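[1] What follows is a predicted protein model with its sequence.
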Amino acid sequence: MLRFILVCICVIGYLVLSIPILLVEWVIGKFNKRAKDISSLRIIQAVFCFILKVTGADITVIGHENVPKDQAVLYIGNHRSFFDILLTYVLCPDLTGYVAKKEMEPIPLLSIWMRYLHCLFLDRQDIKAGMKTILTAIEKVKSGISICIFPEGTRNKGKDELELLPFHDGSFKIATKAGCPIVPIAISNSAEIFESHFPKIKPCKVVVEYCKPVYPDQLDKEDKKHLGAYTQNIILETLKKNRGLTE
């Protein structure tokens, strides 16, 4: 329980103490938006790195060199833990917004930081509003900001992490309409940090692998038509390959 308490203190403490930082970032943004965006990114990455150290997780990163450095991308990952966001966000080389559920938008301070970081809030119950969010994500990518989304739509709470939930095809319109590559991310064993033994946080081995980019315009017609299933299979095969690394 000690680690859980420490993580809670870190999160709540930072949100409260960061109010002056939010004001400073706002002022910086008035003069140089790019500088403010990068500053916000690096601040949160540092906080997330610290929180991950508190969890005691032994994190192995594979294939990060596969992430294109010269353009925005669509990150697609499997999702079993709240910590998936921390595990991947600390590795973003440049501006990246995450697509989060609409229910997070009313949370004080957190939602402000999320907007600073170009995160988008998706209403999973309203198709029209959801499509508007996807269109905004497309514009973000076109402007050079990468987007990360977990296309299962929610955290997968199944016992076997190889049993992925269906990937929602709407998520992939971000890549096809923006003309950007897809970077599949296979996250292994992240639920063992917290969710598998709630409310305790325990040290464990986690593997985050960045697969080779998928360029939708280079796929054959059938694979492009079923882009969700195609990407899901890449992640599934990677999870199978890395299963022994977390034991």
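    Looks like it arrived, so ask away. From a predicted model like this one, the values you see are computed outputs, not experimental measurements.

[2] avg pLDDT for the longest helix seen in the chain?
    Ordering each helix of the chain by length in residues (DSSP state H) puts helix 33-55 first. Mean per-residue pLDDT for helix 33-55: 96.

[3] neighbouring contacts of it?
    Identification of contacts with helix 33-55 by C-beta atoms under 8 Å, 6 or more residues apart in numbering yields 3, 6-7, 10-11, 14, 21, 25-26, 28-29, 59, 83, 86-87, 89-90, 92, 94-96, 113, 116-118, 193-194, 201, 203. The C-beta positions use only the backbone N, C-alpha and C, and glycine is treated the same way.

[4] part of a helix, is residue 244?
    Yes. Under DSSP: H, G, I helix; E, B strand; the rest coil, residue 244 sits within a helix.

[5] got the buried residues for stretch 161-175?
    Judged by neighbour count (16 or more other C-beta atoms under 10 Å), stretch 161-175 contains these buried residues: 161, 164, 165, 167, 170, 171, 172, 173, 174, 175.

[6] tell me the contacts of the last one?
    If you count contacts by C-beta under 8 Å, 6+ apart, residue 175 has them with 74, 141, 181, 182, 216, 227.

[7] ranking those by neighbours, who comes first?
    Counting neighbours by other C-beta atoms under 10 Å, residue 74 leads those with 28 neighbours.

[8] Any idea how far stretch 76-94 is from the middle of the chain?
    4 Å (C-alpha atoms, centre = their mean, to the nearest Å).

[9] about what we covered before: any chance of the buried residues of stretch 161-175 in a markdown table, with distance to residue 130 and secondary structure too?
    Formatted as a markdown table, the buried residues of stretch 161-175 follow (distance: C-beta to C-beta, whole Å; DSSP: H, G, I helix; E, B strand; the rest coil):
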| residue | distance to residue 130 | secondary structure |
| --- | --- | --- |
| 161 | 26 | coil |
| 164 | 21 | coil |
| 165 | 17 | coil |
| 167 | 15 | coil |
| 170 | 7 | helix |
| 171 | 10 | helix |
| 172 | 14 | helix |
| 173 | 11 | helix |
| 174 | 12 | helix |
| 175 | 17 | helix |
